[in-house]
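J.: task: produce atomic coordinates for the following.
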Amino acid sequence: MRFRTICEWLASIVFSLTVLACSEVRMSAVTAIGPAVGPLRADSVNPRYFSDGAGKVVYLVGSHTWRNLQDAVSDKEQVPFDYSRYVHFLERYHLNFFRLWRQEEALSEPLPYLRTGPGLALDGKLKFDVSQMNPVFFDRLAARVQEAGQHGIYVAVMLFQGWGIERKSPDRPENPWEFHPFHRANNINGIDGDPDGDGEGTETHELMGAAVTEWQERFVRHVVDAVNRFDNVVYEIANESTSTSVPWQEHLVAVIHDYEATKPKQHPVLFSAPWGNREEDLWASKAEAVSPTLPAPYTAEYAYRDDPPPNDGRKVIINDTDHLWGVGGTSDWVWKSFMRGLNPIYMDPYDPATHPEYYEQVRESREGVLLSLGQTKRYADRIPLQIMTPRSDLCSSRYCLVDPGQAYLIYAPSSGVSENPASIELDLQHFSGAFLVEWFNPQLDRTEVEQKRLPSGRVRLVAPFAGDAVLYVRRSHHSRLQQ
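T.: Okay, here's the model as predicted:
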């Protein structure tokens, strides 16, 4: 007993010295990331997140850009997209997820179908034969998914694109439908994706023509064939499709589930809300993950952008700036989304030479958003995320993830008065004892840690710096030694 007491005393001294030594540290060290392990599944304990093939909870956080799969036909003089550099860019910011963008119309290449003729399409090139799949498209798709997986990055494989079937924006110079393979003038297979003749192909994202749907099912199965062997796959049905597309999207969710049931691996499906969101469609979907959008285009205020609601666990929620700002986003939105059990991702212009007008819109905020995304990922890897849930009632800032009595992660947005440090009231309920109190300064990427004895009930903790603050309070494993 005496020997044990001495050992415990020494352990206490070592622990105290460790806390003091770590009282002020930076968090910017790159964490080694191994290959992605999957396929992903909604976690059985905390279905706000996926878990991987090893049972580890996976917080998806990332950045995506338009040209990460196909090249723009009009950009022949641009430097080709450097995909390997892009993957390393994601790694550098500690990101593990992106959407692999697919355009449907012939303003991008490669497309999934061969252009064989006879005859010319509306763009002056050979017509499509949609019965012949283009191996260049599927080889590139598989290679890019594989490379991302080798770096621990998960990929949402986008199957269809709402911006390729109609002119959503009145100031868009061209009508993308005129370049679509399913336009009656652009294929040799007799496919007419605009049976009402209104100059838009919205019917292709509806269950209005069995022949069109069968061709689309064939394409989806080819995609599954190309990437099923990889662990890091999420299938996304369509980006910002039409408001009438929900039955068609749900049909394709079932097609993927049924077809993958015959395959070695089964992956989750992402349902991204249509253009003009009805939120109830998200929760009714058979997809494992959903991505909200504005209830109507260009809405001034919307919860998932301004004050993200807590995820109640019905779905994994991908909260995407693309659906909320288009091009935009803020650092505090990242932290708010994280604390509400969401998985935030960023629509990134990425290359100022390719998208100068969009890059200028986010030039001042972009770096801060990317850094915040990576900072939340680092915390997600440290905290017991599988057993932490959003609990707005337990902290005065209202943005907190909690395992009661054991771990509390809290975000306190700046009050707007730069000289005032954050003050957080935390309700420990009936818990008390020794806790490690860690303050993180997102702007400086710096952490300060100390051990404190906290009473039960409400306690007030004040940050040692001004501005936005993150507070991590966790039970000290050495609390018994401090009794």
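J.: nearest residue to residue 457 in space, please, no chain neighbours.
T.: residue 428 (6.4 Å; C-beta to C-beta, 6 or more residues apart in numbering). Backbone N, C-alpha and C define where each C-beta goes, glycine included.
J.: check contacts around the closest residue in space to residue 395 that isn't next to it in sequence.
T.: Nearest residue to residue 395, sequence neighbours excluded (C-beta to C-beta, 6+ apart): residue 410, at 4.8 Å. For residue 410, the contacting residues are 339, 395, 397, 399-400, 424, 426, 470-473, by C-beta atoms under 8 Å, 6 or more residues apart in numbering.
J.: check residue 279 too.
T.: Residues counted as contacts of residue 279 (C-beta under 8 Å, 6+ apart) are 273, 292, 295.
J.: 10 Å instead, please
T.: 273, 290, 292-293, 295, 303-304, 309 (C-beta atoms under 10 Å, 6 or more residues apart in numbering).
J.: so which of these sits lowest on pLDDT?
T.: Within these, residue 295 has the lowest pLDDT, namely 81.
J.: where's it relative to residue 302, distance?
T.: Residue 295 sits at a distance of 7 Å from residue 302 (criterion: C-beta to C-beta, to the nearest Å).
J.: any common contacting residues for those two?
T.: Joint contacts of residue 295 and residue 302 (C-beta under 10 Å, 6+ apart) are residue 277.
J.: who does the helix or strand hosting the residue nearest to residue 395 pair with, and is each partner parallel or antiparallel?
T.: According to DSSP states H and E, residue 410 maps onto strand 407-412. With DSSP bridges as the test, strand 407-412 is paired with strand 399-403 (antiparallel), strand 469-475 (antiparallel).
J.: hey, where'd the helices end up in the stretch 351-483 of the chain?
T.: In the stretch 351-483 of the chain, the segments counted as helices under DSSP state H, counting those that start in this stretch are 356-362, 366-382.
J.: would JSON lines of the ones you listed with mean neighbour count and distance to residue 45 be doable?
T.: Conversion of those to JSON lines gives the following (neighbours: other C-beta atoms under 10 Å; distance: least, C-beta to C-beta, whole Å):
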{"stretch": "helix 356-362", "mean neighbour count": "15", "distance to residue 45": "36"}
{"stretch": "helix 366-382", "mean neighbour count": "21", "distance to residue 45": "15"}
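J.: in a markdown table, list those helices along with distance to residue 204.
T.: Converted to a markdown table, the helices of the stretch 351-483 of the chain look like this (distance: least, C-beta to C-beta, whole Å):
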| stretch | distance to residue 204 |
| --- | --- |
| helix 356-362 | 27 |
| helix 366-382 | 34 |
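J.: which among the ones you listed is found nearest to residue 165?
T.: Nearest to residue 165 among the helices of the stretch 351-483 of the chain is helix 356-362 (22.1 Å), distances taken as C-beta to C-beta.
J.: chain center to that closest one: distance?
T.: Computed by C-alpha atoms, centre = their mean, to the nearest Å, the separation of helix 356-362 from the middle of its chain amounts to 21 Å.
J.: equivalent analysis for stretch 237-250, please.
T.: With C-alpha atoms, centre = their mean, you get 19 Å for stretch 237-250.
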